[in-house]
Each structure stands twice: as C-alpha cells, then as structure tokens.
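>>> When you get a sec, could you give me coordinates for this:
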Amino acid sequence: MLINIKELNVKAIVKSSIAIALLSSALFANAAEAQQKIGFVSVQEVLANLPQARNLEQQIQDEFKAQIEEVNAIEEKMRGLSEKAQRDASIMSPGERVTMEREMEMLDTTRQLKVKALREDMNRRGNEVRDQLMGEVMRNAQNVATEQSFDVVLQRSALVYGNDAANLTDEVIKKMTGGN
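Sure, this is the predicted structure:
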C-alpha cells in the first residue's frame, strides 16, 4: 500500500510540473507576441494609386497596336464587301455572288482566328505585366516593413480589423512613386 501512495505522489508531482511548464510557456509566448510589431498593406489601394497600374491597359494596347490595326483592316474590308454586296446585288451574277460570299466567309474566319490569338496574347502579356507590378509592390512593402521594424505585414484583404497606426499603404505608395 505504501508503494501506491508514493506512485500517486510522483504522478501528482509530474502532472503539476507539466501544468506549470505549460502555463509558464503560455505566459512567455503571450509576452513575446505582445512585442511583435504587425502591420498591413492594402494592395488594391497601392495599385489604384500607381501611375504604372493606371496606364497598364494603354501599355498593352500600344504593344499590340499592329495586330489590332490588322484586325481592324480585315473588319473594314468585310464592311466594304458587305456594302458592295448590298449595293450591287441586283446586277451581280450568281457566280459573283458565290465568290463574294466565300471571300466574306474567309475574311470572317481569318478575323475570328486573329481576334482569338490577339485576345490570348494581350491577356497573357497583361498578366505578365500585372505580376511584375505585384512583385514590385510586395518588394516595396517588405522594404517599408524592414525600415520600420515590423515583424509581420499582412494584406489588408486578409484582416477583419487593423489600427491605422499599423497601415503601411501610404508609405508603400510614396516609396513606389518617389514620394509624389
């Protein structure tokens, strides 16, 4: 019976020791967390205030100007043929009509293929440029966070609440626009 009492005392001491260790580690963890500096950045707001983001669509249009003009030329040729077909329908022979319809079909097929390829190329290039810009935003956010000794920086969209003192958005915008 004596052995059982000693075993109970040892078990109680072990349980107490574990509880004290867990409690003290929780207290230290909370103290360490309290010292962390956490901030956030609104990426959407940064992008909305960057001239390079506002000009993104025009930049893509400029890059693909030749292909856009090519599609416009095909559409203009199609309009001309359609007007000619309507205007000259009464004096055209059946063979001329068939030839013109085939030409219109070929032009329409060519136009559709070129529009599809152009749309895909523009989307791909737009995504590349947006990804580059997003990478630049992230690098600048990291630089601002490092300069201001933040331990953690989150995106604003991931937060339910953030104190204005933790908002690094304006600093990131200033850094990316040269302070303008």
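
>>> now the helices for the chain?
Here the chain has its helices, by DSSP state H, at 2-34, 43-48, 51-54, 56-63, 65-87, 94-147, 169-177.

>>> residue ranges with poor pLDDT in this structure?
1-34, 179-180 (pLDDT under 70).

>>> before we move on, back to that, what's the closest of the helices of the chain to residue 157?
Proximity to residue 157 (CB to CB) singles out helix 43-48 among the helices of the chain, at 7.3 Å. The way it works is simple: take the backbone N, C-alpha and C, and place the C-beta from them, glycine included.

>>> contacting residues around the closest one?
Helix 43-48 has contacts (CB atoms under 8 Å, 6 or more residues apart in numbering) with 53-54, 133-134, 137, 141, 155-157, 169, 172-173, 176.

>>> ok, now with 7 Å
For helix 43-48, contacts defined as CB atoms under 7 Å, 6 or more residues apart in numbering pick out 53, 137, 155, 169, 172-173.

>>> which two from those residues end up farthest apart in space?
Across these (CB to CB), the longest gap, 16.1 Å, separates 53 and 155.

>>> Neighbour count for these two, which is higher?
Higher neighbour count among residue 53 and residue 155: residue 53, with 17 against 13, using other CB atoms under 10 Å.

>>> May I see the buried residues of stretch 164-180?
For stretch 164-180, a neighbour-count test (16 or more other CB atoms under 10 Å) marks 166-169, 171-173, 175-176 as buried.

>>> just stretch 44-63 next, same as before
By neighbour count on 16+ other CB under 10 Å, the buried set for stretch 44-63 is 46-47, 49-50, 53, 56, 60.

>>> roughly how far apart are residue 60 and residue 76?
Note on residue 60: its distance to residue 76, by CB to CB, to the nearest Å, is 23 Å.

>>> correction: residue 136
From residue 136 to residue 76 the distance is 40 Å (CB to CB).

>>> Look at the two and report which has more neighbours.
Neighbour count, other CB under 10 Å: between residue 136 and residue 76, residue 136 has more, with 14 against 10.

>>> Contact partners for the nearest residue to the more buried one once chain neighbours are set aside?
Nearest residue to residue 136 in three dimensions, chain neighbours excluded: residue 176, at 6.9 Å (CB to CB, 6 or more residues apart in numbering). Neighbouring residues of residue 176 by CB under 7 Å, 6+ apart: 50, 136, 140.
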